[in-house]
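In: output the structure for:
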Amino acid sequence: MLILLHKGRGGGMSDMFGGGVTSSLGSSGVAERNLNRVTIVLGLIWAAVIIGLALIMRFSIES
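Out: Okay, the predicted model is just below:
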């Protein structure tokens with residue numbers, strides 16, 4: 001969902017969710033950077049959870 005909110009380079013899905021509105025406000029640079037940070041942090045958390053679950057499943061099956 002967060003990826004769809006990013007500013008589109010050629011229009012598209014981000015314009016449907018307010019991409020065009022935020023670019024005309026002048027503060028879209030800060031908003032875009034914060035959205036990038038949140039997306040990266042959540043992506044890293046998601047990857048860590050996937051790896052953690054895989055390790056839990058691997059070691060619980062062998063026991």
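
In: need the helices for the chain, in chain order.
Out: Secondary structure of the chain by DSSP state H: the helices cover 2-5, 13-16, 19-23, 28-62.

In: who does the last one touch, helix- and strand-wise?
Out: Judged by 3 or more Cβ pairs under 8 Å, 6 or more residues apart in numbering; DSSP states H and E, helix 28-62 is in contact with helix 2-5, helix 19-23. The way it works is simple: take the backbone N, C-alpha and C, and place the C-beta from them, glycine included.

In: wait, Thr39 sits on Met1?
Out: No. Thr39 is not in contact with Met1 according to Cβ atoms under 8 Å; the separation is 9.8 Å.

In: circling back: by mean pLDDT, show me the worst of the helices and strands packed on helix 28-62.
Out: Among those, helix 19-23 carries the lowest mean pLDDT, at a mean of 51.

In: returning to what we had before: with neighbour numbers in mind, choose between Thr39 and Met1.
Out: Thr39 (15 against 7; other Cβ atoms under 10 Å).

In: contacting residues for the residue nearest to that one when sequence neighbours are not counted?
Out: Nearest residue to Thr39, sequence neighbours excluded (Cβ to Cβ, 6 or more residues apart in numbering): Leu2, at 4.6 Å. Contact analysis of Leu2 by Cβ atoms under 8 Å, 6 or more residues apart in numbering lists 35, 38-39, 42.

In: what distance do you get for Leu2 to Ser60?
Out: 32 Å (Cβ to Cβ, to the nearest Å).

In: again, but for Val49
Out: Counting by Cβ to Cβ, the gap from Val49 to Ser60 is 16 Å.

In: weakest of the helices of the chain by average pLDDT?
Out: Taking the mean pLDDT of the helices of the chain, helix 19-23 comes last: a mean of 51.
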